[in-house]
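*Asks:* Just the structure for this:
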Amino acid sequence: MVMIRTLVVIAICATGLLLPTSANAYDLPAVNLGFTSFLDGGPPAGPGLYFTQYLQYYTSTSFNDADGDELPLPDPEVDVLVSLSQFIYQSNKPLLFGGKWGIDLIIPVVYLNTDYDQSGPFPEDNGTGIGDILIGPFIQWDPIMGEKGPIFMHRIELQLILPTGKYDSDKELNPGSNFFSFNPYWAATAFITPRLTTSLRLHYLWNAENDDPNRGFAGADDIQAGQAVHANMTLGYEAIPKRLRIGVNGYYLKQTTDTEVDGKDVSDRKEKVLGIGPGMVFHISQEQHLFANLFFETTAENRTEGTRITVRYVHHF
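*Replies:* Next comes the predicted model:
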């Protein structure tokens, strides 16, 4: 039931330093792409305190433009390693239409590294540091039960991304975004059969202004990344009852409004990406669970296009 964000391309603002035209992007903050997957609509062990540790590795050798074509850079390589430590408390007290309140806190640490075959005015990383802290109140509804067990469970969270991360306007790749974002979501799991499930987490993203834009926006007083929608989707089958679930998982991001520079819309900067691949969750016990997911990206526009691996450990106290 975790809510996290994919600190993957952490504001890889490939600005005028990277592109020969004004159609530069990589404006959106890091969001949850592939951090959550199977059985996302509810907690694995009911109310109480949860700790979740995520490790995600992302690598890419392709920076794509607005048409989805690879930019002619000298063998670029971007590597991102993200550690997310998450604390969740879900109460056992109904608050709204039977839903039980809870609170979610995520503290990220981000390692960034970029490399090129030759020196030049290319995007630079800001190294390792604390990322933007996430916090959000949520309402979790009890599972709707059928004759053979649960058939549906869901949750709504009002997630906030706070601009607490390491940031340097002289760098294009930063652990922090330097602006506030509102990223609420709805997560649900449907039991098609007792052993076959599908899950969806659907986010909306709104971003405030960054009043200290990176050097690619030379002369600008502020920028405001556009709004976006993004989602994680899974289809899983319980291969070993109460022990192992396997399946396919994916994510999708699409920016829906233009980025603004000094209050004016800038076209051809909207971001898009699709990732898909295999995944599994191993239920160590009722209180401990281990997730592993692999994603291959495609159809990326104004973003890097690469491969993402996520490992996640959940413990219920």
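*Asks:* use CA for all of it now, contacts and neighbours both
*Replies:* Fine.
*Asks:* quick one: average pLDDT of the lengthiest strand in the chain?
*Replies:* Criterion DSSP state E: the longest strand present in the chain is strand 77-96. The pLDDT scores in strand 77-96 average 95.
*Asks:* how about it as PDB, C-alpha atoms only?
*Replies:* Extracted in PDB, the C-alpha atoms of strand 77-96 (Å, rounded to 0.1, in the frame of the first residue of the first chain):
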ATOM      1  CA  GLU A  77      24.700   7.300 -19.800                       C
ATOM      2  CA  VAL A  78      22.500   8.200 -16.900                       C
ATOM      3  CA  ASP A  79      22.500   6.000 -13.700                       C
ATOM      4  CA  VAL A  80      20.200   6.600 -10.800                       C
ATOM      5  CA  LEU A  81      20.000   4.700  -7.600                       C
ATOM      6  CA  VAL A  82      17.200   5.500  -5.200                       C
ATOM      7  CA  SER A  83      16.600   4.400  -1.600                       C
ATOM      8  CA  LEU A  84      13.200   5.100  -0.200                       C
ATOM      9  CA  SER A  85      12.400   4.600   3.500                       C
ATOM     10  CA  GLN A  86       8.700   4.700   4.100                       C
ATOM     11  CA  PHE A  87       6.700   4.700   7.300                       C
ATOM     12  CA  ILE A  88       2.900   4.100   7.200                       C
ATOM     13  CA  TYR A  89       0.400   4.100  10.000                       C
ATOM     14  CA  GLN A  90      -3.100   3.000   9.400                       C
ATOM     15  CA  SER A  91      -5.600   3.400  12.200                       C
ATOM     16  CA  ASN A  92      -8.500   1.000  12.900                       C
ATOM     17  CA  LYS A  93     -11.000   3.900  13.300                       C
ATOM     18  CA  PRO A  94     -13.500   4.700  10.600                       C
ATOM     19  CA  LEU A  95     -13.500   8.300   9.400                       C
ATOM     20  CA  LEU A  96     -15.300   8.700   6.100                       C
END
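*Asks:* C-terminal to that strand, what's the next element?
*Replies:* strand 99-115 (DSSP states H and E).
*Asks:* tell me what the helix or strand just after that next one is packed against?
*Replies:* Using DSSP H and E, the next helix or strand after strand 99-115 towards the C-terminus is strand 129-130. Here strand 129-130 touches strand 99-115, going by 3 or more Cα pairs under 8 Å, 6 or more residues apart in numbering; DSSP states H and E.
*Asks:* Give me the helices and strands touching the strand it packs on, please.
*Replies:* Strand 99-115 packs on strand 77-96, strand 129-130, strand 134-140, going by 3+ Cα pairs under 8 Å, 6+ apart.
*Asks:* Let me have the ones you listed in TSV, extended by mean neighbour count and distance to Tyr58.
*Replies:* Below are these laid out as TSV (neighbours: other Cα atoms under 10 Å; distance: least, Cα to Cα, whole Å):
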stretch	mean neighbour count	distance to Tyr58
strand 77-96	18	5
strand 129-130	18	16
strand 134-140	22	20
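*Asks:* just to revisit the earlier point, touching the longest strand of the chain from outside, list them.
*Replies:* 2, 4, 7-9, 47-62, 100-116, 139-140 (Cα atoms under 8 Å, 6 or more residues apart in numbering).
*Asks:* Could you do stretch 237-252 as well?
*Replies:* 33-34, 37, 195-197, 230-236, 272-285, 293, 295.
*Asks:* start to end distance for it?
*Replies:* Stretch 237-252 has an end-to-end distance of 22 Å (criterion: Cα to Cα, to the nearest Å).
*Asks:* ok, now stretch 229-248?
*Replies:* 21 Å.
*Asks:* quick one: the strands in the stretch 101-250 of the chain?
*Replies:* 129-130, 134-140, 144-146, 149-157, 160-161, 181-182, 185-191, 196-207, 209-210, 223-224, 228-240, 244-255 (DSSP state E, counting those that start in this stretch).
*Asks:* Kindly reformat those strands as CSV containing mean pLDDT and distance to Ala66.
*Replies:* Output for the strands of the stretch 101-250 of the chain, formatted as CSV (pLDDT from 0 to 100; distance: least, Cα to Cα, whole Å):
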stretch, mean pLDDT, distance to Ala66
strand 129-130, 96, 30
strand 134-140, 98, 29
strand 144-146, 94, 43
strand 149-157, 96, 32
strand 160-161, 98, 26
strand 181-182, 98, 23
strand 185-191, 98, 27
strand 196-207, 98, 20
strand 209-210, 96, 22
strand 223-224, 96, 18
strand 228-240, 98, 16
strand 244-255, 98, 12
